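Participant: next come a sequence and a model predicted from it.
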Number of protein chains: 2
Amino acid sequence: MDIKTTCLAILSRADASGYEIKKAFEDGPFSHIQDAGFGSIYPALSRLRDDAHVTVTEMPQNGRPGKKVYSITPAGRMALIDALAQPSMPDRYRSDFLFRTLFANLLNPSDLETMIETRLAELREAVARMENCATCADLEPGEKFVSGMGLSVYRAMLDYIEEHKIELIGASLMAGAAQ
Amino acid sequence: MDIKTTCLAILSRADASGYEIKKAFEDGPFSHIQDAGFGSIYPALSRLRDDAHVTVTEMPQNGRPGKKVYSITPAGRMALIDALAQPSMPDRYRSDFLFRTLFANLLNPSDLETMIETRLAELREAVARMENCATCADLEPGEKFVSGMGLSVYRAMLDYIEEHKIELIGASLMAGAAQ
DNA sequence: TTCGTAATATATCGGAACGATATAGGAAAG
DNA sequence: CTTTCCTATATCGTTCCGATATATTACGAA
């Protein structure tokens, strides 16, 4: 899914500025499954404007740099529907954390343990945040599905690490003793 | 984790050609957590050679374009250990599939169902492949940990989609009827 | 009060990475 | 016998992303 389509999709829900699109990637239901920085969003919006898939309305905001609100056009909506109907790219997961665990023998055990505990804390926080989500009751079906999937996956990771971390640390201790 | 470090890590296990490094990303224990194409690997190897972190031995292979076997140097090993000790980047997950489900209302129900069944088939195949893994018994601890985590996560996804797909398709049918 | 920090807001640059593609011989399959 | 697949290296253009620059408001701390 390229960034142009992603921006179009967000704009199909509501008009937004580049900044608000960025926020949608950070906080909203997209946060766990897509990401984009300003360096991707602004060029994408420019190209979408060139293609007449969005229009821009500049709103002078008393002093502050004028807020540029982007709106999807009918042509943009058609392009979006077309792009969404195409076969989807396979999911991609990149994990520095897991890559490092593969080379746990090159890490000293205390660093490894710190790394694991940090990850556990992050996962616990993510799970807690998603469980106590105030707006979770009145989400629309698609958002509920994605959010539920996220929670389910985070729980699986959390449980797995808690159950098996001891094996990993044990192996690291033995590797250190062998040297 | 940049590609240079990733290549170094693979070379720390065994000498390899660029092609073999690519295969390690496709088949090996790395396949689910890191990826790189030739367009990333070859420039990375060139830069590693410039930094004296690897050496190259060209093996003329009776006619075929000479195989270039890369070996990690002591300096490379130190750079690797240094890089592995640094705090890890947060995991990143990108899913076209889940992004599309967020916009299920823009898809027609039969396309949506096809998409979901395709994903279920992929997940079932991945789980089956990991369960019947011939070499799983004699994996080293780090590889066992990562592989087990992968299996656990794939199962969680599979179960979740099977349990909740009906809600998603139902919502899509209603959206179609409303139009 | 003044200072610093965070939030709002847009935008660009350079480098890293990726997909597609070119090249080429050997092996296996049809 | 010919097409396709596997081994193997390499580059090119596009896309992407992190870092950075700029500017104003607001709020709390020193």
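Facilitator: Happy to help now that I have it.

Participant: show me what contacts the closest residue to A:Asp91 other than its chain neighbours?
Facilitator: Leaving aside its chain neighbours, A:Asp91 sits nearest to B:Ser95 (4.5 Å; criterion: C-beta to C-beta, 6 or more residues apart in numbering or on different chains). Heads up, the C-betas are built off the backbone N, CA and C, glycines and all. When contacts are counted by C-beta atoms under 8 Å, 6 or more residues apart in numbering or on different chains, B:Ser95 touches A:33-34, A:91-92.

Participant: so is the top helix by length along chain A next to chain B?
Facilitator: If you go by DSSP state H, chain A has its longest helix at helix A:141-178. Yes: applying C-beta under 8 Å from any C-beta of the partner chain, one finds helix A:141-178 touching chain B at A:141-146, A:148-149, A:152-153, A:155-157, A:159-161, A:164, A:167-168, A:170-171.

Participant: any low-confidence regions in chain A?
Facilitator: Along chain A, the model assigns pLDDT under 70 to residues A:60-65, A:134-135, A:176-179.

Participant: and the helices in it?
Facilitator: Using DSSP H, helices in chain A cover A:3-13, A:18-26, A:38-50, A:74-85, A:96-102, A:109-131, A:141-178.

Participant: okay, the fifth one in PDB with CA atoms only?
Facilitator: Taking C-alpha atoms only, helix A:96-102 is exported to PDB below (Å, rounded to 0.1, in the frame of the first residue of the first chain):
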ATOM      1  CA  ASP A  96      15.000  -5.500  16.100                       C
ATOM      2  CA  PHE A  97      14.200  -7.100  19.400                       C
ATOM      3  CA  LEU A  98      13.700 -10.600  18.000                       C
ATOM      4  CA  PHE A  99      16.700 -10.200  15.700                       C
ATOM      5  CA  ARG A 100      18.800  -9.500  18.800                       C
ATOM      6  CA  THR A 101      17.500 -12.500  20.600                       C
ATOM      7  CA  LEU A 102      18.800 -14.600  17.800                       C
END
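
Participant: what's it in contact with?
Facilitator: Where contact means C-beta under 8 Å, 6+ apart, the residues beyond helix A:96-102 that reach it are A:107, A:112, A:115, A:119, A:168, B:1, B:6, B:9, B:29-30, B:33-34, B:84, B:88-91, B:142-143, B:145-146, B:149.

Participant: separate out the buried members of those.
Facilitator: Buried members of the contacts of helix A:96-102, scored by 16 or more other C-beta atoms under 10 Å in any protein chain shown, are A:107, A:112, A:115, A:119, A:168, B:1, B:6, B:9, B:29-30, B:33-34, B:84, B:88, B:91, B:142-143, B:145-146, B:149.

Participant: help me confirm that A:Arg94 comes into contact with B:Gln34.
Facilitator: Yes: counting by C-beta atoms under 8 Å, A:Arg94 does reach B:Gln34; the two are 6.3 Å apart.

Participant: so what's the gap between stretch A:72-92 and the chain middle?
Facilitator: Chain-centre distance of stretch A:72-92: 19 Å, with C-alpha atoms, centre = their mean, to the nearest Å.

Participant: to clarify, my last question referred to stretch A:69-89.
Facilitator: Distance, centroid of stretch A:69-89 to centroid of chain: 20 Å (C-alpha atoms, centre = their mean).

Participant: which single residue in chain A comes nearest to DNA strand D?
Facilitator: Distances between chain A and DNA strand D by C-beta to the nearest atom of the strand are smallest at A:Gly39, namely 1.8 Å.

Participant: give me the distance between that residue and chain B.
Facilitator: Distance of A:Gly39 to chain B, given as C-beta to the nearest C-beta, to the nearest Å: 16 Å.

Participant: for A:Ala14, same thing?
Facilitator: Taking C-beta to the nearest C-beta, one finds A:Ala14 at 13 Å from chain B.

Participant: noted, bye for now.
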